[in-house]
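Colleague: Compute the structure for the input listed below.
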Amino acid sequence: MKTVQIRNDFQPDSGTRHARASFGLVASCGIAALLALFAFYLSLVATSAPLDVRERLTVQGAIAILENKGFDREAFLLRHTVTFRATDSWLNALTKQDNAYAATNFPFQIVTLYPDFYTKAVDDTERAMVLLHEAQHLQGKDEAGAYAYVWQHRGQLGWTQLTHGSTPSYITIAEQTRDYAPEVFSCLDHVWGDCTETIAAQK
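Modeller: Numbers count the residues shown, from 1 in each chain. Predicted structure coming up:
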């Protein structure tokens, strides 16, 4: 009786084995990086306090204004991707700035709201302005880009010289916008040099 032997002549070549090893290494590094980012995110959340019920309702009112004014992308990000906090995490505590309304940790989508957001802002429209600014950071914009965007869209929001020009927040943001985005105030034929104003300067 003869024994039939089945030979498997196929053996992965060195290139295939190397590709599989490389893929496994990349996958392992990717998983490790994701776990590290998640652990970092948890540390930010764990070292800060959540909003209370009253604060959450205030935030929702401001987001509703953004939505009603046509800022759909920003409203979606703020409603569905953000973790709002009431106090600084360990990271924010290292770089906290005085007289701030809010701070955003990008790309972790954490927004910390400070007391000025509730007290210095006179109404939900001004709070919507603050959230519109932070929503730009959620999309990766720097301070200059966020200030310029808000100032250029303040008419759409309903936060203008006519409606809020005398409020502390309007005055503060106008000064900060001049510092961070001076190009917005480079139109000499406009009132105050403000390129977003539709009233021509008197000559």
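
Colleague: Show me the helices in the protein, by range?
Modeller: 14-46, 53-68, 72-80, 90-95, 115-119, 124-138, 143-152, 154-157, 161-164, 168-180 (DSSP state H).

Colleague: now for those, which one comes closest to Cys195?
Modeller: helix 143-152 (8.1 Å; CB to CB). Placement of C-beta: from N, CA and C, glycine included.

Colleague: Pipe the helices of the chain into TSV and attach distance to Thr104, mean pLDDT and mean neighbour count per row.
Modeller: TSV is the format used below for the helices of the chain (distance: least, CB to CB, whole Å; pLDDT from 0 to 100; neighbours: other CB atoms under 10 Å):
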stretch	distance to Thr104	mean pLDDT	mean neighbour count
helix 14-46	11	74	11
helix 53-68	14	98	16
helix 72-80	11	98	17
helix 90-95	10	88	13
helix 115-119	13	96	15
helix 124-138	4	98	24
helix 143-152	9	98	19
helix 154-157	18	97	17
helix 161-164	23	94	16
helix 168-180	15	96	16
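
Colleague: So which residue is dead centre in this protein?
Modeller: The centre of the chain sits closest to Leu138, judged by CA atoms, centre = their mean, with a distance of 2.1 Å.

Colleague: residue contacts, the closest residue to that residue other than its chain neighbours?
Modeller: The shortest distance from Leu138 to any non-neighbouring residue, by CB to CB, 6 or more residues apart in numbering, is to Leu77 (5.0 Å). Residues in contact with Leu77, defined by CB atoms under 8 Å, 6 or more residues apart in numbering, are Gln109, Ala135, Leu138, Gln139.

Colleague: nearest to Ala93, of those?
Modeller: Gln109 (19.1 Å).

Colleague: any idea how far Tyr118 is from Ala146?
Modeller: Distance, Tyr118 to Ala146, using CB to CB, to the nearest Å: 20 Å.

Colleague: now do Asp123
Modeller: Distance from Asp123 to Ala146, counting by CB to CB: 21 Å.

Colleague: Now Asp194: closest residue in space, sequence neighbours ignored.
Modeller: Leaving out its chain neighbours, the residue that sits closest to Asp194 by CB to CB, 6+ apart is Phe185, at 5.5 Å.

Colleague: contacting residues for that neighbour?
Modeller: By CB under 8 Å, 6+ apart, the neighbours of Phe185 are Thr177, Arg178, Trp192, Gly193, Asp194, Cys195.

Colleague: ok, so of the residues you listed, who is nearest Ile31?
Modeller: Nearest to Ile31 among those, with distances taken as CB to CB, is Thr177, at 42.6 Å.

Colleague: mind listing what the residue nearest to the centre of the chain touches?
Modeller: Counting by CB under 8 Å, 6+ apart, Leu138 has contacts Glu74, Leu77, Leu78, Thr81, Val82, Thr104, Phe106, Gln109, Val111.

Colleague: could these go into JSON lines alongside distance to Asp88?
Modeller: Below are the contacts of Leu138 laid out as JSON lines (distance: CB to CB, whole Å):
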{"residue": "Glu74", "distance to Asp88": "23"}
{"residue": "Leu77", "distance to Asp88": "21"}
{"residue": "Leu78", "distance to Asp88": "20"}
{"residue": "Thr81", "distance to Asp88": "20"}
{"residue": "Val82", "distance to Asp88": "16"}
{"residue": "Thr104", "distance to Asp88": "12"}
{"residue": "Phe106", "distance to Asp88": "16"}
{"residue": "Gln109", "distance to Asp88": "16"}
{"residue": "Val111", "distance to Asp88": "12"}
